[in-house]
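Asker: Need a 3D model of the sequence below.
(2 chains)
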Amino acid sequence: MGNPFVEGENRIIRPPSTILVIFGASGDLTNRKLIPALANLAQDDYLPGGFIVIGASRTPLSDEAFRDKLRIAVQKHSRQPIKELVWAAFAENIFYQALDGTNPDDFKKLKERLEDFGRERQEHFNYLYYFATSPKFFGEIAGNLRQVGLVEQPGAGIRRTSIVVEKPFGYDVPSARALNDELRENLAEEQIFRIDHYLGKETVQNILVFRFGNGIFEPLWNSRYIDCIQISVCEDIGVGSRADYFDQNGILRDIVQNHVLQMLSLLCIEPPLSLSDADSIRDEKVKVLKMVKRLKVDEVPELTVRGRYSAGFINGEPVPAYLEEAGIAPQSRTETYVALKLGIDNWRWAGVPIYIRAGKRLPKRITEISVMFKRPPGALFHGRQVTSLTQNVLSIQVQPHEGISLSVNSKPPGPRIRVRTVNMDFTYDDSFGIPSPDAYERLLLDAMKGDATLFTRDDEIKVAWDLLTPVLESWSSSHGAPLYEYNSGSWGPDAADALLAPAGHQWRSL
Amino acid sequence: VEKSLITEEMDSAFTIFSSGRIPPSTLAVQLEQLGIEMEEKGYLRPGKINTLIFHEAACSEKLDELVSALSLLQPSRFFVLICHDQIRELTVEVRCQCHVLASAKTACTEVVHIEFPPGEESQAISIVTANLIPGTLRQLVALDCSEQTAILEMLCVLADEVFFSSDQFFNFFQTMWAPPFSKTIPVDLGWIEWSFLRDEVRQVFENEEAAGRLNQLAVVTLSISYHTSQKVPISLLLFVGWILDRLQLEPIALSIRGYECQTDRGETVLVRLHYDQGEVNRGRISVAFGTNQELTDNIATLSFCQDQTDWVIQSSCINGSFSTMKRLRVAVDAYSLLKRHFHVGESFVNYFGSVNTARQLDSLSHAFFYG
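Answerer: Take a look at the predicted model:
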């Protein structure tokens, strides 16, 4: 029997008492995202009544020194100023544990400390382990946790123990499978929360509400009315401090395999059985990814474009070429831009091109999903200064400003019948008067509650890699698609425009 | 007539906020702050579109007028790019231009001034592309300035619509018809300026008998006497192109008699063009449609004579059986033409066909069109 007190509730707002252990606590992710997100949750009163953070890393550090470091990070990266009293109360529960992820003895010490907290506070804490480390340590850390008894079988013990892991979830199908096997040797699938921070964004979550909570959109959400879909993930930055990682992976692996395919699957799913059951939604997402038409290796040059940025200007500033960036191998063939033309082979989406582009050193940072509707017949308007009616576009802006906008054709004031496109906008700031929380806030909260809806399941990862395998194979072969150069500050290689041209489409102006 | 943008509506313009010079990387934040400030004051931000304006410093004295006038007609996020050979480095400034509307509400638009020395066009344009409002209309305004085709071409790639005058922007006009600009919709103020010629021709052929006799058409004669430094204003040639396009006449050869054009029935119609430079403010244009080369049998004739303030228009059809005369005041300043475009809406449906036919004429005689 399920919990009768939860039945009918949207969700439990406050998670049960939790100790969050962050492995790799001295890293960038902890400073920039995790601790600022937790501080914001504390300020908004979402954290559990009993909540402790333990930072674990190799570097020896006192609790005080760790807190001081985090305080600076929060001041720099928090989306809102954190009140002094809130920080003081939150920081009291932050601790540091020097730990080598390969040393089982260190895990025994960790266990003792966790048990001490339970005894001191007389609480049964759930344990949530955040793996903010390189994936190569995932298996060993998980193994050590299980060996010292810090992992309990789901439903078997008094506490819930789970882990949160960050991408990359592998490099290709075999490596993803190997990584998953390593984790699954020690944990059940329901204990593994694979984080894709795009899924924590309000606008991405809103896709389902928008589609299924409005009578006017779902009837139009199919190939009869939709002309094409475009998903753009544009960054103005280069590789920055991630040169080594990025050069080994490229943008297809870094952005498309995870963020883009997650957004695509949410956008195109069939109605799930329930919005509150994690597997209902994830089952439907997997179905969509399975229905995406697999490219044949010899189709890849025709249906994909890859590029690499050369020197140029971003927002008035000169920026170097990719090959001139620190840490990039001179003979590198890594793509910093990708454009793909995909399609979904099911009744709903057959014939609707899905265009994807992702790139670095593009003019601005913007992520947008554009649903472009078919043009109405224009016969009524011929001879009235209308050469063709503009398409209605539903644009879902994921970042930097989260919101949804619908473009419609309208008659401007005046004696003549003319047509002008205007936008009907919804932004979170304007409509709700409060800024959207950071994606990590929502995801950390969900992980503490054990709600996996916004996390990626292992079969989603496998299908996503499988989908991109022909592209990766083709690009790694000598006869793969050419690697086009594009100027930094441009919207990518001209060949990306040519990808859309045969169908009469254009990239949306962003 | 002086092409000025000064209007009485300018009086209502004022600036509420100026951030001064800022680092380009902070522009997005400044624009956001500006938006917050406008909202706090309860001001409207009606135009969520982008307008790009390029000017050389030498001819930028009317720039504020232009922005102010445009912000009334088409509220936008304005990017004003000024190429200035007296400065050493690129600078960015944000302002806000506001107008009190008839409803007593205040409508504001944001204006980004980017000044840059020659050679830093790419940097300047990268600031524009980074800060355009996404997914909305992008207009490029190329008015009242010497023709800098290179940077206009760079800006044109960003634009959905470009406002210009084909009479002023000779080279740019030609560039407009080649990829990658062919997706940009031109709004030719010259075409709008001369719309009254087309209106009069339309009206004359409202006469059913005149329209019915067009299948006997043998000759069209156009005489243009107009003061200009160029050989012929392009917009007047577009008028010729428009007549041919509407009559479905295809220019096939240039002979001593004129342009020989073919109808869709395979018949030949002669189109004669006469041009000479007229007196200042004394333009004269006449058009005659006849069934024989001697024009002894006129289907219709029209004459347009300019005096100090007006055009005097005489038209007749069927050998003078039906004659009319009228005076018409035609606004030629850029502001009025833009206002006409935004508020009334000039038809561009036949613009493209007219350009194509005019270009066909040009291909038969380079000296005439672009000489």
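
Asker: residues from the stretch 51-200 of chain B in reach of chain A?
Answerer: When proximity is defined by Cβ under 8 Å from any Cβ of the partner chain, the stretch 51-200 of chain B lies next to chain A at B:90, B:92, B:122-127, B:129-132, B:134-138, B:158, B:160, B:183, B:185. C-betas here are computed from N, CA, C, even on glycine.

Asker: Let's see which of those end up in strands.
Answerer: Of the positions in those, B:92, B:138, B:185 sit in strands, assigned by DSSP state E.

Asker: what's the last one in contact with, if anything?
Answerer: Counting by Cβ atoms under 8 Å, 6 or more residues apart in numbering or on different chains, residue B:185 makes contact with A:387, B:160-162, B:348.

Asker: check contacts around residue A:250.
Answerer: Counted by Cβ under 8 Å, 6+ apart, residue A:250 has contacts A:334-336, A:338.

Asker: got it, and residue A:359?
Answerer: A:233-235, A:251, A:307, A:309, A:336-338, A:486, A:492.

Asker: from those residues, which is closest to residue A:74?
Answerer: residue A:235 (24.5 Å; Cβ to Cβ).

Asker: Could you measure from the nearest residue to the closest one once chain neighbours are set aside over to residue A:143?
Answerer: In space, and not counting its chain neighbours, residue A:235 is closest to residue A:360: 5.0 Å by Cβ to Cβ, 6 or more residues apart in numbering or on different chains. Look at residue A:360 and residue A:143: by Cβ to Cβ, to the nearest Å, they are 36 Å apart.

Asker: Assign a three-state SS to residue A:96, would you?
Answerer: The three-state label given to residue A:96 by DSSP: H, G, I helix; E, B strand; the rest coil is strand.

Asker: ok, it touching residue A:58?
Answerer: No. Residue A:96 is beyond contact range of residue A:58, at 11.6 Å (criterion: Cβ atoms under 8 Å).

Asker: more crowded one of the two?
Answerer: residue A:96 (24 against 15; other Cβ atoms under 10 Å in any protein chain shown).

Asker: Quickly list what that one is bridged to.
Answerer: Note on residue A:96: beta-bridge partners by DSSP bridges are residue A:55.

Asker: Enumerate the residues of the stretch 201-350 of chain B near chain A.
Answerer: Going by Cβ under 8 Å from any Cβ, the residues of the stretch 201-350 of chain B near chain A are B:342-349.

Asker: ok, now which ones touch the residue lying closest to residue A:462 once chain neighbours are set aside?
Answerer: With Cβ to Cβ, 6+ apart as the criterion, residue A:462 has its nearest non-adjacent residue at 6.3 Å, and that residue is residue A:176. Taking Cβ under 8 Å, 6+ apart, we find residue A:176 in contact with A:169-170, A:461-462, A:465.

Asker: burial count for the residue of the stretch 251-371 of chain B at minimum distance from chain A?
Answerer: Per Cβ to the nearest Cβ, residue B:345 is where the stretch 251-371 of chain B lies closest to chain A, at 4.4 Å. Counted with other Cβ under 10 Å, the neighbours of residue B:345 add up to 20.

Asker: I figured it hits residue A:413, correct?
Answerer: No. With contact defined as Cβ under 8 Å, residue B:345 does not count as touching residue A:413 (10.2 Å).

Asker: and the nearest residue to residue B:198 once chain neighbours are set aside, how far is that from chain A?
Answerer: Residue nearest to residue B:198 in three dimensions, not counting chain neighbours: residue B:242, with 6.0 Å by Cβ to Cβ, 6+ apart. Applying Cβ to the nearest Cβ, to the nearest Å, the value for residue B:242 to chain A is 15 Å.

Asker: quick one: what helix or strand has residue B:242 in it?
Answerer: When elements are assigned from DSSP states H and E, residue B:242 belongs to helix B:234-246.

Asker: ok, and residue B:99, which helix or strand is that part of?
Answerer: strand B:91-100.

Asker: could you give the angle of the helix or strand just after that strand to strand B:91-100?
Answerer: Sequence order places strand B:106-116 as the next helix or strand after strand B:91-100, per DSSP H and E. For strand B:106-116 against strand B:91-100, the angle by axes from the mean of the first three to the mean of the last three Cα atoms, to 10 degrees is 160 degrees.
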